[in-house]
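K.L.:
need coordinates for the following:
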Amino acid sequence: MSISKKISESMKNQSWIREMFELGNSLKQEYGEKNVYDLSLGNPGSEPSKEFIKSIQSLLSNPTPGMHRYMPNAGYPATRDAVANHLSKIFNVGFSFENIIMTCGAGGSLNVILKSILDYKDEIIIFSPFFPEYLHYVENHGGNPIIIPANENFLPDVETLQKSITNKTKGIIINSPNNPTGVVYPQSTIDEIGIALTQAEEKYGNTIHLISDEPYARLVYKPYKNPSIFSAYTNSILATSFSKDLSLAGERIGYAAINPNHVSRNELINAFTFSNRILGFVNAPALMQNIIPKIIDSIVDVSWYENKRNYLMKNLIELGYEFPDPGGAFFIFAKSPIPNDIEFVKNLLEYKVLVTPGTGFGKQGYFRISYSVEDWVLEGAIQGFSKVINN
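P.N.:
Next up, the predicted model:
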């Protein structure tokens, strides 16, 4: 065998999201794109803002000398400063550019963070259901992912968290608005997590990081508001990207932000910068770093997603499907009408409707719908949902 046993095994258990995506492409080739209703992939469907298009056209027409060369591994100081000012306004916390490192998307940010904090077999706690790549990210750096269930409302179960922390715990990963559920965590839950982690640090004498993955943070619908990790816990780190709120997923631009009051702030930024380099990212894309300061306060048309969410919720509820209130992102995580979610997903395929089984997110008996699609896809999918639940 020419590839490693570890990668071979991981490939056998690769993400259900990607598997459904590939299946969708095959079905579209066989039946025609307009006859397949693919709700499997969380790919932002809204186009980037006009500000982005104008900014990139202007930059390419008037390039700065050296614009495409290497820069400091942490990113351009001006870009980091723009991000710091942006976060300071949102969270009312005094960020400086030194607290920010530009990364290749949120996935790059999480890998930089985990590479910097994990020793072999150190533990990272993850709540299920979860974004499946988290497991690979932790294992990439020799860590041990510890999966614990969320509560009945798909919120982090703080009591279970307290029981799961050990002297090997280096951090926990949270995700709000959540993928796959769309659930937005209330500030009270984050505050409770902060208290639990503070107590655990005192008990074990170790630093425990609260790592918040927030690429959907600005895709939140009224009356919800995404919480602040920075007010809840000192040793907190934000990992995020512009993939969703600016529809730039393919450009791979994001950042890590360290709480200015973090006990190891300076040590961490040096480690993140080093890890960014040795992981082979080297630096975040130069072109996007030049663009971000010009458009950081802009956002895609959130109503584009909200209208689709409202349409889907109304129709699914009328059909009898059950799901937690999706206050953000562009996902609905519904209970399967039959216990076997994989079997249910296969039944939907008979009507050319593709969703992702909850098993792929660590939660059997559910399925994820991504409504980041055109209206005709949702309308066709509803017909399939109706036929399956009524059979």
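
K.L.:
neighbours around the nearest residue to residue 366 once chain neighbours are set aside, how many?
P.N.:
Ranked by Cβ to Cβ, 6 or more residues apart in numbering and with sequence neighbours excluded, the top spatial neighbour of residue 366 is residue 358, at 3.2 Å. Yep, even glycine has a C-beta here, placed from its N, CA and C like the rest. Residue neighbour count, defined by other Cβ atoms under 10 Å, stands at 26 for residue 358.

K.L.:
show the pLDDT at residue 358.
P.N.:
Per-residue pLDDT puts residue 358 at 96.

K.L.:
ditto for the one 3 residues further on
P.N.:
Reported pLDDT at residue 361 in the predicted model: 95.

K.L.:
check contacts around it.
P.N.:
Residue 361 makes contact with 16, 128-132, 180, 333, 368 under the criterion Cβ atoms under 8 Å, 6 or more residues apart in numbering.

K.L.:
what do you get if the cut-off is 6 Å, keeping everything else the same?
P.N.:
Applying Cβ atoms under 6 Å, 6 or more residues apart in numbering, we find residue 361 in contact with 129, 180.

K.L.:
give me the buried positions along stretch 164-179.
P.N.:
For stretch 164-179, the neighbour count (16 or more other Cβ atoms under 10 Å) marks 164-165, 169-179 as buried.

K.L.:
quote the end-to-end distance of it.
P.N.:
For stretch 164-179, the first-to-last residue distance is 22 Å (Cα to Cα, to the nearest Å).

K.L.:
quick one: which of the buried residues of stretch 164-179 sit in helices?
P.N.:
residue 164 (DSSP state H).

K.L.:
on that earlier part again, what sits against the residue nearest to residue 366?
P.N.:
Applying Cβ under 6 Å, 6+ apart as the definition, the contact partners of residue 358 turn out to be 341, 364, 366-367.

K.L.:
which of those residues has the most neighbours?
P.N.:
For the contacts of residue 358, neighbours were counted using other Cβ under 10 Å, and residue 367 has the most, 29 neighbours in all.

K.L.:
Three-state assignment for that one, please.
P.N.:
With DSSP: H, G, I helix; E, B strand; the rest coil as the basis, the three-state label of residue 367 is strand.

K.L.:
so what's it closest to, chain neighbours aside?
P.N.:
According to Cβ to Cβ, 6+ apart, the nearest residue to residue 367 is residue 355 (4.8 Å).

K.L.:
hang on, the one you found packs against residue 366?
P.N.:
No: checked against Cβ atoms under 6 Å, the pair residue 355 and residue 366 is beyond contact range at 10.0 Å.

K.L.:
just send the buried residues of stretch 164-179 back as JSON lines, with pLDDT too.
P.N.:
JSON lines is the format used below for those (pLDDT from 0 to 100):
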{"residue": "164", "pLDDT": "98"}
{"residue": "165", "pLDDT": "98"}
{"residue": "169", "pLDDT": "98"}
{"residue": "170", "pLDDT": "98"}
{"residue": "171", "pLDDT": "98"}
{"residue": "172", "pLDDT": "98"}
{"residue": "173", "pLDDT": "98"}
{"residue": "174", "pLDDT": "98"}
{"residue": "175", "pLDDT": "98"}
{"residue": "176", "pLDDT": "98"}
{"residue": "177", "pLDDT": "98"}
{"residue": "178", "pLDDT": "98"}
{"residue": "179", "pLDDT": "97"}
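
K.L.:
which one of the buried residues of stretch 164-179 is nearest residue 51?
P.N.:
residue 177 (23.4 Å; Cβ to Cβ).

K.L.:
excluding chain neighbours, give the residue nearest to the closest one in space.
P.N.:
Taking Cβ to Cβ, 6+ apart, and ignoring the residues beside it in sequence, residue 177 has residue 328 as its nearest neighbour in space, at 2.8 Å.

K.L.:
neighbours around that neighbour, how many?
P.N.:
Every residue meeting other Cβ under 10 Å relative to residue 328 is counted, giving 28.

K.L.:
how about the helices in the stretch 51-200 of the chain?
P.N.:
Counting by DSSP state H, counting those that start in this stretch, residue ranges of the helices within the stretch 51-200 of the chain are 77-91, 105-117, 133-140, 158-164, 187-204.

K.L.:
just put the ones you listed in CSV and tack on distance to residue 54.
P.N.:
Formatted as CSV, the entries for those read as follows, by distance: least, Cβ to Cβ, whole Å:
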stretch, distance to residue 54
helix 77-91, 17
helix 105-117, 23
helix 133-140, 33
helix 158-164, 45
helix 187-204, 36
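
K.L.:
returning to that earlier point: what is the residue nearest to residue 177 paired to in the beta sheet?
P.N.:
Beta-bridge partners recorded for residue 328 (DSSP bridges): residue 220.

K.L.:
that one: what's it in contact with?
P.N.:
Under the criterion of Cβ under 6 Å, 6+ apart, the contact partners of residue 328 comprise 177, 184, 216, 219-220.
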